[in-house]
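Trainee: below: sequence and its predicted model.
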Amino acid sequence: MGGGAGVRFSPVTETYCDHCGAVLTDGDHRRCRAAREMEPPRYCPECRRRLVVQVTPTGWTAGCARHGTRTAG
Amino acid sequence: MNDNHEASATPTTGEYPPGQAPDAQAGILAVARAQVLGRGEGLGEHQVHECLTLPDDRVEDLLALAHEVRMRWCGPEVEVEGIVSVKTGGCPEDCHFCSQSGRFESPVRAAWLDVPSLVRAAKETAATGATEFCIVAAVRGPDDRLMAQVRDGVKAIQDEVDINIACSLGMLTQEQVDDLAAMGVHRYNHNLETPKSHFQNVVTTHTWEERWETCEMVRAAGMELCCGGIVGMGETIAQRAEFAAQLGELAPDEVPLNFLNPRPGTPFAGYPMVEGVEALKTIAAFRLALPRTILRYAGGRELTLGDLGTKSGMLGGINAIIVGNYLTTLGRSADRDLEMLGELKMPIKALSQTL
Ligand code: SF4
Ligand SMILES: [Zn+2]
Ligand SMILES: [Zn+2]
């Protein structure tokens, strides 16, 4: 269940952590990455807007009004 | 521990206050063997407390007994269920564990699932061999729009997918209960969440009694009742025993057991996760309190128990699982769970057995 699967726009400039929403180059996001194995993304990595996330039994979709929808599963 | 006492203990040991019976902690397993395994009578509050406070070196015996009880009173089948959120986030209630409450700074935003997507989710669930599909909404109770969406969704799923449909839509009015029963909803989930004595520390926007009332209405309308809760929300061990007894009194058809997965932004974000061994004790003790119920692994098992612990729980009283993802978090893949059931030689309950 890779977070990058099905990304609509590529290459994506990942500025923000898609788990905690903080700037990726600020601080340590290893725990965020670990958490992301069992959670969908919550913040747009490009603009840090909170994503509209729908989890389904086998996947998820996560939409940013500006940067489109990513899916997995 | 002195095993002689356990071997010679009589069922009357359970009548002593906790800790005051002769070698009570060794004795409780012998008592439970006669009472629960032998006669199918669930343990009471004090007895559950004795199980929950057994030393760690007795946990294996506790789990083994709970497994025997499950096999005798429920059988080897495992009930498999999938769930999906039809309305996510933005809930007006303040359940302190919940990332879907609109009252906390949670990153979960409101979302709404359309009927074709509901049908697709039901199909994906049925493809795993699951017999139950639960439609869940983050609401205090359903409004007309949600009831209409559920009505359309249930109808569409019934037309296309062979699966029992359950719902979890919060507190219901009598009219809504009757509507859901008339739609053919086979089971309704409404959790008490936590023991009565702890509820006000977890939820302030509604009461435990209101939840109990919805449960009673659901059953009176002829739907199966699914009612459980979350372990690890700051309740004491004694309160866990209290909760088991309260569920025993309610006697739901199914009890989903969640372990707190502390969610960012919620009041319980900083709570520790339940230790694996404690979770296993809880599973076994709840099985001994509820010998005939469908005891389901729900959220948090992946993190609290891991792969090894998950298997131990399946051999310690659990006889149902949620496969695939949860409402706002992900589960491990359904394939891995089905593989595990294969290894354990536990057949998946078939639809014909549940209809
Ligand atoms: S009622 Fe349900 S969705 Fe709403 S806050 Fe409580 S647990 Fe979350
Ligand atoms: Zn982060
Ligand atoms: Zn964006």
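Mentor: Now that the structure is in, tell me what you want to look at. Residues are numbered from 1 along each chain as shown, chains lettered A, B, ... in the order given. Ligands and ions are numbered 1, 2, ... in the order given.
Trainee: what ranges does the stretch 51-200 of chain B have for its strands?
Mentor: All strands of the stretch 51-200 of chain B, identified by DSSP state E, counting those that start in this stretch, fall at B:79-88, B:111-112, B:132-137, B:164-168, B:187-189.
Trainee: with mean neighbour count, distance to chain A and mean pLDDT added, can I get these in CSV?
Mentor: Using the backbone N, CA and C atoms, a C-beta is placed for each residue, glycine as well. Formatted as CSV, those follow (neighbours: other CB atoms under 10 Å in any protein chain shown; distance: least, CB to the nearest CB, whole Å; pLDDT from 0 to 100):
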stretch, mean neighbour count, distance to chain A, mean pLDDT
strand B:79-88, 25, 4, 97
strand B:111-112, 19, 5, 94
strand B:132-137, 25, 9, 98
strand B:164-168, 23, 14, 98
strand B:187-189, 25, 16, 98
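Trainee: distance to ligand 2 added to those, as CSV?
Mentor: Putting the strands of the stretch 51-200 of chain B into CSV (distance: least, CB to the ion, whole Å) gives the following:
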stretch, distance to ligand 2
strand B:79-88, 22
strand B:111-112, 22
strand B:132-137, 28
strand B:164-168, 31
strand B:187-189, 33
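Trainee: JSON lines please, covering those and showing distance to B:K196.
Mentor: Below are the strands of the stretch 51-200 of chain B laid out as JSON lines (distance: least, CB to CB, whole Å):
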{"stretch": "strand B:79-88", "distance to B:K196": "26"}
{"stretch": "strand B:111-112", "distance to B:K196": "33"}
{"stretch": "strand B:132-137", "distance to B:K196": "24"}
{"stretch": "strand B:164-168", "distance to B:K196": "21"}
{"stretch": "strand B:187-189", "distance to B:K196": "19"}
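Trainee: who wins for proximity to B:A279 among these?
Mentor: Nearest to B:A279, of all the strands of the stretch 51-200 of chain B, is strand B:79-88, at 19.7 Å by CB to CB.
Trainee: is any residue of that closest one near ligand 1?
Mentor: No: against ligand 1, strand B:79-88 shows no contacts by CB under 6 Å from any ligand atom, the least distance being 8.9 Å.
Trainee: can you pull out the low-pLDDT segments for chain B?
Mentor: B:1-26, B:353-355 (pLDDT under 70).
Trainee: ok, back up a step: quick one: closest of the strands of the stretch 51-200 of chain B to B:K345.
Mentor: Comparing those by CB to CB, strand B:79-88 comes nearest, at 15.4 Å.
Trainee: sheet partners, orientation included, of the closest one?
Mentor: strand B:111-112 (antiparallel), strand B:132-137 (parallel), strand B:320-322 (parallel) (DSSP bridges).
Trainee: the second one vs strand B:164-168, what angle?
Mentor: Taking axes from the mean of the first three to the mean of the last three CA atoms, to 10 degrees, one finds strand B:132-137 and strand B:164-168 inclined to each other by 30 degrees.
Trainee: now do strand B:132-137: everything it contacts.
Mentor: B:79-87, B:118, B:121-122, B:125-126, B:146, B:150, B:153-154, B:157, B:161, B:163-170, B:187, B:189, B:327, B:354 (CB atoms under 8 Å, 6 or more residues apart in numbering or on different chains).
Trainee: what about 7 Å?
Mentor: Contacts to strand B:132-137, defined as CB atoms under 7 Å, 6 or more residues apart in numbering or on different chains, come from residues B:79, B:81-87, B:118, B:122, B:125, B:146, B:150, B:153, B:157, B:163-170, B:189, B:327.
Trainee: circling back to that earlier point, who wins for proximity to ligand 3 among the strands of the stretch 51-200 of chain B?
Mentor: strand B:111-112 (16.1 Å; CB to the ion).
Trainee: hmm, back to that, of the contacts of strand B:132-137, which ones also sit close to ligand 3?
Mentor: Residues of the contacts of strand B:132-137 in contact with ligand 3 (CB under 5 Å from the ion): none.
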